[in-house]
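Peer 1: A structural model of the following input is requested.
(one chain, ligands or ions: 3)
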Amino acid sequence: MNKEKIQSFGDQVQRAERILVISHTRPDGDAVGSLIGLGLILEEMGKEVNLVLEDGIPKVFHHLPASDRVFRESAGVYDLIVVVDCSDIDRIGNVLDDHGEPDINIDHHPTNTRFASLNMVQEDAVATVEMIYDLAVALSLPLNQPIAEALLTGLITDSLGFRTSNVSPKALRTAAKLQELGADLPTLYRKAMVEKSIEAVRYWGLGLAKIQLEDRLVWTSLSLEDRKLADYTGRDDADLINVLSTIKDTDISLVFVEQTKGTVKVSWRAQTGFDVSKTAIQFGGGGHKPAAGAEVKGNLERVQEEVLKATRETLTGRG
Ligand code: AMP
Ligand code: MN
Ligand code: MN
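Peer 2: Ligands and ions are numbered 1, 2, ... in the order given. This is a model prediction of the structure:
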């Protein structure tokens, strides 16, 4: 983030009174942590802040401060609209209809489409929360324990518990600073990364029973029927993709999650040396080289076939 952009961000938030902060659908810990972290910073500055996620806050983040103040719809007119952790504007869903255009885009995805007036995109940030922490420090904005809890959650989840290849000494120093501000690292870690509901584990079981492995490619699917059988209320894979990506002697893992409305959510994870974000872009998605996603129109079987074909090409270097 260069100095001019940081200053422009500071000027715009200082001037605004009513601010909308939004992030992506099927929100992860970085989406939630960035949204709440920035929201609380702005509130501490005396701003009127609306926090909106089209899908609401997933249950695993209900322990976070202000999670009960995140709504599914925006309301009224805003002086400033900030989008966090979103690589393209379609990923916010429909929350901006009639409420204006995004002013500020804060994100770390290499596939970011620069959709706002001020685009702050830092590809080497481990998580968007790291950028928000840096902004707060650079502009001497308020930081306190609840803000630190939200920000540390994003850092823990996007780095899969500080084990992704992009974890830098700086990210670890940021985590230490957030801990010094009062964020309880072991508890936040356990809540976001370790604890699973019995429904989520049953859902995993249904996915794991169908696992397939072929030429260092491992994949499985979760149907709407599986969701019902397991009583799982989320629309995601309950993080099954990160279980598949632990399988030895594989290069790329995929999970296909059937959605209502005739689409399939695809998640890719890859070992160092592969770039699955390129494959995800072919299907209208995006992400990072080792972790990408897309929502693809079509039925489960057809999407699976097409995506596996394109992913095999990535694997053989032809993608
Ligand atoms: P996921 O597989 O959903 O955990 O996502 C892995 C990475 O890909 C994350 O960085 C997401 O932000 C990104 N991603 C997931 N779905 C999409 C999508 N539909 N469009 C763009 N990026 C996505
Ligand atoms: Mn995210
Ligand atoms: Mn992120």
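
Peer 1: name the helices or strands packed onto the helix or strand bottoming out on mean pLDDT in the chain?
Peer 2: For the chain, the helix or strand with the lowest mean confidence is strand 286-287, at a mean of 93 (criterion: mean pLDDT, DSSP states H and E). Applying 3 or more CB pairs under 8 Å, 6 or more residues apart in numbering; DSSP states H and E, one finds that strand 286-287 contacts helix 276-282, strand 291-297. Where you see a C-beta, it was placed from the backbone N, CA and C, and this is true even at glycine.

Peer 1: for the protein, which residues are neighbours of ligand 1?
Peer 2: 87, 91, 109, 241, 267, 285-288, 291-295 (CB under 6 Å from any ligand atom).

Peer 1: what residues are up against residue 127?
Peer 2: When contacts are counted by CB atoms under 8 Å, 6 or more residues apart in numbering, residue 127 touches 30, 33, 34, 85, 108, 154, 155, 157, 158, 159, 171.

Peer 1: please redo it, this time with the cut-off set to 10 Å
Peer 2: Residue 127 makes contacts with 28-31, 33-34, 85, 108, 133, 151-159, 164, 166, 171, 174, as judged by CB atoms under 10 Å, 6 or more residues apart in numbering.

Peer 1: inside helices: which ones of these?
Peer 2: 29-31, 33-34, 133, 151-158, 171, 174 (DSSP state H).

Peer 1: from the residues you listed, which are also near ligand 2?
Peer 2: Here is what survives when these are matched to ligand 2 using CB under 5 Å from the ion: 30, 31.

Peer 1: which of the ones in helices among the contacts of residue 127 count as buried?
Peer 2: 29-31, 33-34, 133, 151-158, 171, 174 (16 or more other CB atoms under 10 Å).

Peer 1: and those residues, which is closest to ligand 3?
Peer 2: Taking CB to the ion as the measure, ligand 3 lies nearest residue 30 of these, at 3.4 Å.

Peer 1: would you confirm that residue 119 belongs to a helix?
Peer 2: No. In this structure, residue 119 is strand, not part of a helix, as judged by DSSP: H, G, I helix; E, B strand; the rest coil.

Peer 1: residue 50 sits in which helix or strand?
Peer 2: strand 48-52 (DSSP states H and E).

Peer 1: what is that strand packed up against?
Peer 2: Judged by 3 or more CB pairs under 10 Å, 6 or more residues apart in numbering; DSSP states H and E, strand 48-52 is in contact with strand 18-22, helix 29-44, strand 70-71, strand 80-84.

Peer 1: could you check the angle strand 18-22 makes with that strand?
Peer 2: Between strand 48-52 and strand 18-22, the angle comes out at 20 degrees (axes from the mean of the first three to the mean of the last three CA atoms, to 10 degrees).

Peer 1: now do the buried residues in strand 48-52.
Peer 2: 49, 50, 51, 52.

Peer 1: determine which two of those residues are furthest apart.
Peer 2: Pairwise distances across the buried residues of strand 48-52 (CB to CB) peak at 10.2 Å, for the pair 49 and 52.

Peer 1: tell me which parts of this structure are close to ligand 2?
Peer 2: Counting by CB under 5 Å from the ion, the chain sits next to ligand 2 at 28, 30, 31, 85.

Peer 1: ok, so what distance separates the nearest residue to the second one once chain neighbours are set aside from ligand 1?
Peer 2: Using CB to CB, 6 or more residues apart in numbering and skipping residues adjacent in sequence, the residue nearest residue 30 is residue 154, 3.9 Å away. Residue 154 sits 12 Å away from ligand 1 when distances are taken as CB to the nearest ligand atom, to the nearest Å.

Peer 1: isn't residue 154 up against residue 34?
Peer 2: Yes. At 5.6 Å, residue 154 counts as touching residue 34 under the criterion of CB atoms under 10 Å.

Peer 1: per-residue confidence for residue 318?
Peer 2: pLDDT, residue 318: 57.

Peer 1: all further residue positions should be reported with the first residue as 26.
Peer 2: All right, first residue 26 from here; so that's residue 343.

Peer 1: overlap in contacts, residue 74 and residue 77.
Peer 2: Once CB under 10 Å, 6+ apart is applied, the residues that residue 74 and residue 77 both contact turn out to be 45, 46, 64.

Peer 1: the second one contacts residue 67, correct?
Peer 2: So the one you mean is residue 46. Yes. Proximity of residue 46 to residue 67 meets the contact threshold set by CB under 10 Å, at 7.3 Å.

Peer 1: shared neighbours of those two, anything?
Peer 2: 74, 76, 105, 107.

Peer 1: a markdown table please, covering these and showing pLDDT and distance to residue 275.
Peer 2: Putting these into a markdown table (pLDDT from 0 to 100; distance: CB to CB, whole Å) gives the following:
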| residue | pLDDT | distance to residue 275 |
| --- | --- | --- |
| 74 | 98 | 43 |
| 76 | 98 | 38 |
| 105 | 98 | 45 |
| 107 | 98 | 38 |
